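Colleague: Fold the following, please.
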Amino acid sequence: MALSLAALLMATTFGGIHCMAWFFTFSTYLEQVLWRISAAAITCTPWLGVLTSFLIVSNPQYAVGVLLYALYIIFYIVTRAILLILMFTTLRNLPPDAFKAVSWTSLVPHL
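Modeller: Residues are numbered from 1 along each chain as shown. The predicted structure follows:
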């Protein structure tokens with residue numbers, strides 16, 4: 001039970017971290033909407049899975065609950081893949097400051 005709760009909290013925290021980019025600028029409006037939907041989905045889907053698992057435990061012959069649980073897993077994987085793809089596609093529009101060479105040794109006081 002404790003391990004399941006830890007996994008649920010970690011998945012929710014992971015989704016919450018992606019929700020921090022809610023107001024970031026994206027290359028296109030479609031990318032922004034996809035990011036928002038995917039971030040909200042990976043934040044909420046684990047909780048839906050837990051609620052569905054309670055439904056399955058209370059009535060083991062509830063086939064719709066098993067189907068819903070499987071759909072939540074597929075939905076979670078797809079939204080994680082969308083976020084991964086969006087992370088790489090946003091690299092095409094970096095600001096010019098991202099290409100400046102940084103002299104890291106000037107930032108270390110004792111060098």
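Colleague: Which secondary structure elements does the biggest helix by length in the chain sit against?
Modeller: Looking across the chain with DSSP state H, the single longest helix is helix 29-58. Helix 29-58 sits against helix 2-19, helix 63-89, with contacts defined as 3 or more CB pairs under 8 Å, 6 or more residues apart in numbering; DSSP states H and E. Heads up, the C-betas are built off the backbone N, CA and C, glycines and all.
Colleague: Now do the buried residues in the longest one.
Modeller: So the one you mean is helix 63-89. By 16 or more other CB atoms under 10 Å, the buried positions in helix 63-89 come out as 65, 68-69, 72, 76, 79-80, 82-83, 86.
Colleague: The spatially most central residue of the chain: what's it in contact with?
Modeller: By CA atoms, centre = their mean, the mean C-alpha position of the chain lies nearest to residue 15, the distance being 4.1 Å. By CB atoms under 8 Å, 6 or more residues apart in numbering, residue 15 lies in contact with 39-46.
Colleague: and of these, the nearest to residue 54?
Modeller: residue 46 (13.1 Å; CB to CB).
Colleague: what residue ranges in this structure score low on pLDDT?
Modeller: 111 (pLDDT under 70).
Colleague: switch the cut-off to 80
Modeller: The chain contains residues with pLDDT under 80 at 1, 4, 54-65, 110-111.
Colleague: before we move on, what SS does residue 60 have?
Modeller: Under DSSP: H, G, I helix; E, B strand; the rest coil, residue 60 falls in the coil class.
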